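>>> generate coordinates for the sequence data below:
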Amino acid sequence: MNQHAQRPNILLIIMDTVRADHLSCYGYPLPTTPHLDRLAEEGVRFTNAISTGGWTVPTHASLFTGTFPGFHGARDGHPILNENIPTLAETLGNWGYQMAGFTNVGWLNENAGLTRGFDTFVQVYRLHQGRSIPVLIRRVLSKILWMLLGRKLGGASLTNRYVKRWLAHRESARPFFIFINYSEAHAPYQPPRSFAHRFLEPYGLSFSEAQRVNYDPVKHVTGTVPMDERDFNVLRALYDAEIAYLDTKLGELFSYLDRQNLMDQTLIIVSADHGENFGDHGLMGHKWCLYDTLLRVPLIIRYPSCFTPGTTIDDQVQLVDIFPTLMEVLDIHEPQIRDQLQGFSLLPDQVANRPRKFAVAERAGRSWQSTFSRHSGFDYEQFERDLKAIRTPRFKYIWASNGRHELYEIATDHAETRNLVDVYPKEAQRLQDCLFDFINSIQHPDATAEGDIKLDRVLEQHLRDLGYID
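Predicted structure coming up:
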């Protein structure tokens, strides 16, 4: 046990639905993240961190297993992690770590297999979403609380309270691993009024406009609720306000660790599972695509003894790289685990010596008929497709099962506005061959299993509030 105590504590933070390009330390012109900016100055900032998918379940499964969706099998139509694949939490628990998880998104639950290995796993949303309050009344109360008092139910403030309580009662002789998912940046947005005003005012927008804006991606893409640039400016302002509010709560958590003399004893990783669209590509939310608005996420690592402060790494990296990085830093030798891992160490010297040639992401298709049933005449079948993307430093190719493939020269066209698939057909074919060669090489025989998780009443209400259930 003494050798375990010498290993660092680990704090892994996922900011749900946060795009890299909305953080001030990633060049965003508004001061959204002063505390994360400071963390980046004290650690390593990865400018091209690419998610493995476009939504919560497959990306967290990749994070927890170090494998791609084609291996771990958690996806649309089957949001369940393959039970035979060892997780990061199980591995670190076996090496003496105290394991605690805190989530604000219901997809991370026991039925999905994403809590395996944690000694404690707190679903924070359940703490203010009791069975006894009907969903309509709770929505009204939440809206009134935001409109009149400028406050929100639960969220990062409540999460931090439970994290600090757990830290205060942990076994101090053993290292800890804490995972936290914060959902402030996930729609619908209800930032505290002071933060909302701060980011609405530069656009010349009012708080009353913010209360009326449409959050429903289906109503937008079908034209049921026409939206112009002013509407999307409202959404961006509220989104930025949520990120800024979360940043203050992260600052409070880091200050607490510092006061407890834990900051330099703790390896801190801050990232996101995916981003969000605000009219980009005619879309909103994080459905239906694999553009960089969803795939490019922040990644900051602070641990001075291994990661030189103030370092910036521009090479492409992926969320699957976090698991092998921890194995490397902690010097854990588990041949079976290491053979499973499909990522690489993020230690700066190793990234420099082994640059990733490409990044890969997937999005499994599903039936959208029931979702669009109230919108007759809309071509919803355009969204019923599997998507697979391969991203090199110059090009990004998106393969679609319906044949609507896309190729972008992202080195010059960062917003992916000009589809060059017919301009460079040989390059498109080369990337498609490379993409499928890779996917076939990492495929797990059980990755195509079907099945859904069981929803109790509280979880169903929670996912409905987040827009996952019609």
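>>> biggest helix in the protein by residues?
As assigned by DSSP state H, the longest helix anywhere in the chain is helix 229-259.
>>> by how many degrees do the helix or strand following it and helix 229-259 diverge?
Remark: after helix 229-259, the chain's next helix or strand is strand 266-271, criterion DSSP states H and E. Interaxial angle of strand 266-271 relative to helix 229-259 (axes from the mean of the first three to the mean of the last three Cα atoms, to 10 degrees): 170 degrees.
>>> now what about strand 266-271, what contacts it?
8-15, 36, 39, 43, 49, 63, 250, 254, 257, 297-303, 306, 319, 322, 326, 329 (Cβ atoms under 8 Å, 6 or more residues apart in numbering). C-beta: built from backbone N, CA, C; applies to glycine.
>>> in the stretch 1-150 of the chain, which spans are helices?
Remark: helices assigned in the stretch 1-150 of the chain by DSSP state H, counting those that start in this stretch are 2-5, 34-41, 56-65, 69-72, 88-94, 135-149.
>>> can you map out the helices along the stretch 251-400 of the chain?
Counting by DSSP H, counting those that start in this stretch, the stretch 251-400 of the chain has helices at residues 292-295, 322-330, 335-340, 348-353.
>>> in contact with Thr17, which residues?
183, 185-187, 272-276, 286.
>>> please redo it, this time with the cut-off set to 7 Å
185-186, 272, 274-276, 286 (Cβ atoms under 7 Å, 6 or more residues apart in numbering).
>>> out of these, which comes closest to Ser370?
When the contacts of Thr17 are compared for distance to Ser370 (Cβ to Cβ), His286 wins out at 19.3 Å.
>>> do you know how far that closest one is from Ser183?
13 Å (Cβ to Cβ, to the nearest Å).
>>> so where's this structure shaky on pLDDT?
1-5, 128-154, 445-470 (pLDDT under 70).
>>> which residue is nearest the centroid of it?
Nearest to the centroid of the C-alpha atoms of the chain, with distances taken as Cα atoms, centre = their mean, sits Asp273, at 1.4 Å.
>>> what about the closest residue to that one other than its chain neighbours, distance to Asp280?
Computed as Cβ to Cβ, 6 or more residues apart in numbering, the closest residue to Asp273 that is not its neighbour in sequence is Thr59, at 4.0 Å. Thr59 is 19 Å from Asp280, where distance means Cβ to Cβ.
>>> which one's more surrounded, those two?
Comparing Thr59 with Asp280 by neighbour count (other Cβ atoms under 10 Å), the higher total belongs to Thr59, at 27 against 19.
>>> that one and Gln318 touch, don't they?
No. The pair Thr59 / Gln318 is not scored as a contact, 10.0 Å apart, by Cβ atoms under 7 Å.
>>> intersection of neighbour lists for the two?
Common neighbours of Thr59 and Gln318 are listed as Thr52 (criterion: Cβ under 7 Å, 6+ apart).
>>> what helices and strands are in contact with the longest helix of the chain?
With contacts taken as 3 or more Cβ pairs under 7 Å, 6 or more residues apart in numbering; DSSP states H and E, helix 229-259 sits against helix 34-41, helix 155-168, helix 193-200, helix 207-212, strand 277-278.
>>> contact partners of the last one?
Applying Cβ under 7 Å, 6+ apart, the contact partners of strand 277-278 are 232, 235-236, 283-286, 293.
>>> please apply the same query to stretch 28-36.
For stretch 28-36, contacts defined as Cβ under 7 Å, 6+ apart pick out 21-25, 199, 240, 243-244, 247-248, 250-251, 254, 270, 300.
>>> which residues does Thr115 contact?
Contacts of Thr115 (Cβ under 7 Å, 6+ apart): 101, 108-109, 121.
>>> need the max-distance pair from those.
Once Cβ to Cβ is applied, the contacts of Thr115 give Gly101 and Asn109 as the farthest pair, at 10.6 Å.
>>> neighbour-wise, which of these two wins?
The neighbour count for Gly101 versus Asn109, taken as other Cβ under 10 Å, is higher for Gly101 (23 against 20).
>>> pull out the buried residues from the strand or helix carrying Phe436.
In the assignment (DSSP H and E), Phe436 maps to helix 425-442. Within helix 425-442, the residues scored as buried using 16 or more other Cβ atoms under 10 Å are 427-428, 431-432, 434-435, 438-439.
>>> what does that helix contact?
By Cβ under 7 Å, 6+ apart, helix 425-442 touches 68, 70-71, 342, 358, 360, 388, 390, 395, 397, 399, 405, 407, 421.
>>> so Leu347 makes contact with Leu326?
No. Contact criterion Cβ under 7 Å: Leu347 and Leu326 do not qualify, at 10.7 Å.
>>> and those two? Which one has more around it.
Leu326 (23 against 17).
>>> contacts only, for that one.
10, 88.
>>> same question, His281
289, 291.
>>> closest one of the contacts of strand 277-278 to Arg165?
When these are ranked by distance to Arg165 (Cβ to Cβ), His286 comes first, at 31.7 Å.
>>> how close does that closest one sit to Arg198?
25 Å.
>>> who has more neighbours, these two?
His286 (25 against 19).
>>> Glu381: which of the contacts of Thr17 is nearest?
Closest to Glu381, out of all of the contacts of Thr17 and judged by Cβ to Cβ, is His286, at 20.0 Å.
>>> assess the claim that the closest one and Asp273 are in contact.
No. His286 lies out of contact with Asp273 (Cβ under 7 Å); the separation is 9.3 Å.
>>> ok, back up a step: format the contacts of Thr17 as JSON lines; extra columns: distance to Arg161.
Shown next, in JSON lines, are these (distance: Cβ to Cβ, whole Å):
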{"residue": "Ala185", "distance to Arg161": "20"}
{"residue": "His186", "distance to Arg161": "20"}
{"residue": "Ala272", "distance to Arg161": "23"}
{"residue": "His274", "distance to Arg161": "27"}
{"residue": "Gly275", "distance to Arg161": "28"}
{"residue": "Glu276", "distance to Arg161": "27"}
{"residue": "His286", "distance to Arg161": "28"}
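>>> just those residues now: which is nearest Phe176?
Ala272 (22.4 Å).
>>> doesn't Val18 make contact with the closest one?
Yes. Assessed by Cβ under 7 Å, Ala272 is found in contact with Val18 at 4.0 Å.
>>> got any residues that touch both of those two?
Common neighbours of Ala272 and Val18, counting by Cβ under 7 Å, 6+ apart, are 297-298.
>>> of the two, who's got more company?
In terms of neighbours (other Cβ under 10 Å), Val18 is the more surrounded of Ala272 and Val18; the figures are 29 against 26.
>>> got the phi and psi for that one?
phi -110, psi 120 (degrees, to the nearest 10).
>>> quick one, what contacts it?
Counting by Cβ under 7 Å, 6+ apart, Val18 makes contact with 185, 243, 272, 275, 297-298.
>>> centre of the chain to stretch 215-233, how far?
23 Å (Cα atoms, centre = their mean, to the nearest Å).
>>> contact partners of that stretch?
187-188, 203, 205, 213-214, 278-279, 282-285, 287, 371-372, 375, 378.
>>> what does stretch 199-209 give?
Here stretch 199-209 has contacts from 30, 193, 196-197, 210, 233-234, 237, 240-241, 244, using Cβ under 7 Å, 6+ apart.
>>> could you do stretch 351-364 as well?
Contacts of stretch 351-364 (Cβ under 7 Å, 6+ apart): 50-54, 68-70, 75-77, 290, 295, 313, 315-318, 344, 386-392, 434-435, 438.
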